[in-house]
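A.B. asks: with the sequence up front, the predicted model follows.
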Amino acid sequence: MAPERTTVRVLLVDDHQVVRRGLRTFLEVQDDIEVVGEASDGDEGVARAEELRPDIVLMDVRMPGTDGIEALRKLRELENPARVLVVTSFTEQRTVVPALRAGASGYVYKDVDPDALACAIRSVHAGHTVLQSEVAGALLAQEGDRAGQGRAGVLTDRERDVLGLLADGRSNREIARALVLSEKTVKTHVSNILMKLDVSDRTQAALWAVRHGLTA
């Protein structure tokens, strides 16, 4: 008997009703994604996230009143378990970097292909980091801080290989296949990477790698 497929519960936070309506219309035809609510600004988004406890929040960045970045910070302060995928039309580095630092698990643009958006939601739900290629470019344009570059120097060549694939959203099994290693060895490398970079999880390690140019 095949295992039952998990339904991903999604909250939409955007100040434009037409955008929310478009996202809802598309997502509701996905068998494994359920839109559980909507909000039109950051404060309402935080309140709804606390009330509904969704798996994923699709969050715009620029909204009247409390914007998406401040809403991200509030969700983190509340220790809300929802993972946030930023969906916005703003591509500037000054918007991308603060959103990721505030706790976003991914960042895509509103012109993303609908099927790619659905894949991004599933990937973020699975614990991966999702960055549209242009977003990665914006991060790579940021000058790396010296402390970060110093920490990069303590990684072995193999750990750098693993980190690069991790930042690309690969699972341990996929990394093992790509590098011809056992999953146990990959798990050990990942643990060492987290310790050396002084980060607590794979998402933070992936964002660190992108910010410091350790991705392909």
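C.D. replies: Cool, the structure landed. Numbers count the residues shown, from 1 in each chain.
A.B. asks: excluding covalently adjacent residues, which one is nearest to residue 100?
C.D. replies: Beyond its immediate neighbours in the sequence, the residue positioned closest to residue 100 (Cβ to Cβ, 6 or more residues apart in numbering) is residue 207, lying 5.4 Å away. C-beta here means a position set from N, CA and C on the backbone, and glycine is covered the same way.
A.B. asks: tell me where the protein has strands.
C.D. replies: For the chain, applying DSSP state E gives strands covering 8-13, 33-39, 56-59, 83-88, 106-109, 130-131.
A.B. asks: what residues of the fifth one count as buried?
C.D. replies: Read it as strand 106-109. Of the residues in strand 106-109, those with enough neighbours to count as buried (16 or more other Cβ atoms under 10 Å) are 106-108.
A.B. asks: same thing with the second one?
C.D. replies: In terms of neighbour count (16+ other Cβ under 10 Å), strand 33-39 has its buried residues at 33, 35-39.
A.B. asks: contacts for that strand?
C.D. replies: Residues outside strand 33-39 that contact it (Cβ atoms under 8 Å, 6 or more residues apart in numbering) are 7-13, 20, 23-24, 27-28, 45, 47-48, 51-52, 54, 118, 121-122.
A.B. asks: compute the inter-axis angle for that strand and strand 8-13.
C.D. replies: Angular relation of strand 33-39 and strand 8-13 on a 0 to 180 degree scale: 30 degrees, by axes from the mean of the first three to the mean of the last three Cα atoms, to 10 degrees.
A.B. asks: just the CA coordinates of strand 33-39, formatted as CSV?
C.D. replies: As requested, C-alpha coordinates have been extracted for strand 33-39 and formatted as CSV (Å, rounded to 0.1, in the frame of the first residue of the first chain):
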residue,chain,number,x,y,z
ILE,A,33,-1.2,21.9,-1.5
GLU,A,34,-4.1,23.5,0.5
VAL,A,35,-4.5,27.2,0.9
VAL,A,36,-5.7,27.6,4.5
GLY,A,37,-5.9,31.4,4.7
GLU,A,38,-5.0,34.9,3.4
ALA,A,39,-3.7,38.1,4.9
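A.B. asks: and the nearest residue to residue 132 once chain neighbours are set aside, what does it touch?
C.D. replies: Setting aside the residues directly before and after it, residue 132 is nearest to residue 108 in space (Cβ to Cβ, 6+ apart), at 4.7 Å. Residues counted as contacts of residue 108 (Cβ under 8 Å, 6+ apart) are 85-87, 116-117, 120, 130-132, 135.
A.B. asks: residue 49 now?
C.D. replies: If you count contacts by Cβ under 8 Å, 6+ apart, residue 49 has them with 11, 57, 75, 80, 82.
A.B. asks: how near is it to residue 72?
C.D. replies: Here the criterion is Cβ to Cβ, to the nearest Å. By it, residue 49 lies 11 Å from residue 72.
A.B. asks: report the longest helix in the chain, please.
C.D. replies: In the chain, taking DSSP state H as the definition, the longest helix is helix 183-197.
A.B. asks: just checking, residue 84 touches residue 57?
C.D. replies: Yes: under the contact definition of Cβ atoms under 8 Å, residue 84 touches residue 57, with a separation of 4.7 Å.
A.B. asks: list residues touching both of these two?
C.D. replies: Overlap between the neighbourhoods of residue 84 and residue 57 consists of residue 75, taking contacts as Cβ under 8 Å, 6+ apart.
A.B. asks: what's the pLDDT at the spatially closest residue to residue 121 that is not a sequence neighbour?
C.D. replies: On the basis of Cβ to Cβ, 6+ apart, the spatially nearest residue to residue 121 that is not a chain neighbour turns out to be residue 56, at 5.6 Å. The confidence metric pLDDT takes the value 97 at residue 56.
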